[in-house]
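Q: can you look at this prediction? I've put the sequence above it.
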Amino acid sequence: VNDLTADTRNGLDEGRTLTGTWYTSPEIWELEKRRVFEQFWQYVGHVEQVAKQGQYFTFQLGNVPIVVLRDAEGQIRGFVNVCCHRGSEVVLEKEGMRQTLQCHYHGWTYGLDGRLRAAPRSKSQPNFDASEYSLQPVRVETWGPFIFATTSDEAPSLFEQLGVLPDLIAKTGVDLDKVRFRSVSDYDVRANWKAVAENFLECYHCAVTHPSFTDTVDLDSFSVVADSYVITETVPLKDDVPAAEQGAYAPGDIRDGRYSFAWPSFMVNVFPGPMNISTNQLIPLGVDRTLVRYQFFFAPEVSAEDEKAVVDFALQIQDEDVQIVESVQRGAASGYFNSGVFFENWENGPQYFQRLLLDTLDGHVATKS
Ligand code: FES
Ligand SMILES: [Fe+2]
């Protein structure tokens, strides 16, 4: 690992980018699963997905399948979704509602607390003691409506990893206790997760890729600020665009678009307009395939019409970005991309991201104090 990262780090400090191999190598992807996706808190879903007792959804942290649920006491809990009997996943469905977790293989049945309650024919098994078998818990913490999980026992608290992000969001005027989930859009993107993140982290491409976005914003006032595991881009609306004529944006109090990335896979947007927040989540499905999940939250009083304006515009931008990152992936896979160049001031975001990646792969991660 250190050989791999040392060379790359030197180039990065001189403004050179990762090479194409980083987006296609199965070995690097395996390493990322262990060192990135199994070490850091990741956004897994929102609280309304587990509103009721027994409601659950499944997720994958690196190589580890997990199930997140609301238990009988009303707590949100997470478990490694691997059966103690013969190692099958317990729950296969993406989401649902059940009062016990019955393994779909031989029917071992766990409670919502993860403890084994019953196993078919266990009476005929000598010395069988159900209390010796429990699903392994994973850590789960929430920030507003957002649920995060990690398989790491070493990771510090979620809020330590999120750093400045909760404060930044509070300053936009968005009240996380108030917003409610409205809609979700999934994109099956044929690109490495890093290509998607890096594209999110710069607006150098905005003028060419997103002309309708660039029309409404003041690109010269674009700024990017990085702090620990959080990178935030701010793009104000043009001064001379009155609130009522903000192009595709619904009218509202928020004037600055704020787009934050929280290592390793969570993006959160506040668009100009009425009280809104959206999550943009990277769920890697393989070295060259990423599920990008867009979830939209609004204050209850925001009308369906204003909601539609914000969502339609965001998804249009997203469609444009998907074209770009899939094209980057094909370029990376060509064998002809032997590192490019980052433009100062415009591409500090992806450059900082690549540094975080190298730091993480080298094993420099925050741990519990
Ligand atoms: S593997 Fe789960 S019951 Fe057999
Ligand atoms: Fe974009």
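A: That came through, no problem. All values reported here derive from a predicted model rather than from experimental measurement. Numbering: from 1, shown residues only. Ligands and ions are numbered 1, 2, ... in the order given.

Q: wait, Lys33 sits on Asn63?
A: Yes - the criterion here is C-beta atoms under 8 Å, and Lys33 meets it with Asn63 at 5.4 Å. Any C-beta I mention is one placed from the backbone N, CA and C, and that applies to glycine too.

Q: and those two? which has more neighbours close in?
A: Lys33 (18 against 11; other C-beta atoms under 10 Å).

Q: how about that one, nearest residue that isn't a chain neighbour?
A: Spatial nearest neighbour of Lys33, excluding adjacent residues (C-beta to C-beta, 6 or more residues apart in numbering): Gly62 at 3.8 Å.

Q: what do you get for Lys178?
A: Nearest non-adjacent residue to Lys178, counting by C-beta to C-beta, 6+ apart: Ala299, 5.3 Å away.

Q: so how far is ligand 1 from the one you found?
A: Distance, Ala299 to ligand 1, using C-beta to the nearest ligand atom, to the nearest Å: 44 Å.

Q: same thing with Asp7?
A: Here the criterion is C-beta to the nearest ligand atom. By it, Asp7 lies 44 Å from ligand 1.

Q: ok, what's across the strand from Val64?
A: Going by DSSP bridges, Val64 is paired in beta bridges with Leu61.

Q: near it, how many other residues are there?
A: Residues within reach of Val64, counting by other C-beta under 10 Å, total 18.

Q: my read is that it contacts Ala149, right?
A: No - if you go by C-beta under 8 Å, Val64 and Ala149 don't touch, sitting 9.8 Å apart.

Q: shared neighbours, these two?
A: The contact sets of Val64 and Ala149 overlap at Val138 (C-beta atoms under 8 Å, 6 or more residues apart in numbering).

Q: follow-up on the earlier one: contact partners for the residue nearest to Lys178?
A: Ala299 is in contact with Asp175, Lys178, Val179, Arg180, Pro274, Met275, Asn276, counting by C-beta under 8 Å, 6+ apart.

Q: ok, it to Val268 distance?
A: 16 Å (C-beta to C-beta, to the nearest Å).

Q: ok, and what's touching whichever strand or helix holds Ser260?
A: Using DSSP states H and E, Ser260 sits in strand 256-262. Residues outside strand 256-262 that contact it (C-beta under 8 Å, 6+ apart): 43, 161-162, 165, 168-169, 172, 197, 200-201, 217, 229-237, 267-272, 349, 353.

Q: again, but for stretch 15-23
A: Under the contact criterion C-beta under 8 Å, 6+ apart, stretch 15-23 has outside partners 8, 11-12, 28, 191-192, 194-195, 287-288, 328-329, 331-342, 344, 350-351, 354, 357.

Q: give me that answer again for 7 Å
A: Residues outside stretch 15-23 that contact it (C-beta atoms under 7 Å, 6 or more residues apart in numbering) are 8, 28, 192, 194-195, 329, 331-335, 337-342, 354.

Q: just give the number of residues close to Leu112.
A: By other C-beta under 10 Å, 20 other residues sit near Leu112.

Q: what of the one 4 residues further on?
A: If you count neighbours by other C-beta under 10 Å, Leu116 ends up with 22.

Q: list the contacts of it.
A: Each residue near Leu116 by C-beta under 7 Å, 6+ apart is listed here: Cys84, Trp108, Tyr110, Ala130, Tyr133, Ser134.

Q: farthest pair in these?
A: Distance extremes for the contacts of Leu116: the farthest pair is Trp108 and Ser134 at 11.1 Å, using C-beta to C-beta.

Q: more crowded one of the two?
A: Trp108 (23 against 15).

Q: just to revisit the earlier point, of the contacts of Ala299 - the most surrounded one?
A: Asn276 (27 neighbours).

Q: contacts only, for it.
A: Val270, Phe296, Phe297, Phe298, Val302, Val310.

Q: highest neighbour count among these?
A: Neighbour max across the contacts of Asn276 (other C-beta under 10 Å) = Phe298, 26 neighbours.

Q: in contact with it, which residues?
A: Phe298 neighbours (C-beta under 7 Å, 6+ apart): Val179, Arg180, Arg182, Pro274, Met275, Asn276, Glu307.

Q: who's in contact with the first one?
A: What it means is Val179. Pro145, Met275, Ile277, Phe297, Phe298, Ala299.

Q: hang on, the earlier thing: least confident pick among the contacts of Ala299?
A: Least confident by pLDDT among the contacts of Ala299: that is Pro274, with 92.

Q: leaving out chain neighbours, which residue sits closest to that one?
A: Gly252 (3.5 Å).

Q: Asp321 too?
A: Excluding its sequence neighbours, the residue lying closest to Asp321 (C-beta to C-beta, 6+ apart) is Asn199, at 5.6 Å.

Q: using the three-state scheme, assign that neighbour.
A: When classified by DSSP: H, G, I helix; E, B strand; the rest coil, Asn199 comes out as helix.

Q: burial measure for it, as a count.
A: Asn199: 19 neighbours (other C-beta under 10 Å).

Q: looks like it contacts Val322 (just checking).
A: No - look at Asn199 against Val322 with C-beta atoms under 7 Å: they stay out of range, at 9.4 Å.

Q: so Asn192 touches Asp288, yeah?
A: Yes - contact criterion C-beta under 7 Å: Asn192 and Asp288 qualify, at 5.8 Å.

Q: overlap in contacts of these two?
A: The contact lists of Asn192 and Asp288 share Gln329, where a contact means C-beta under 7 Å, 6+ apart.
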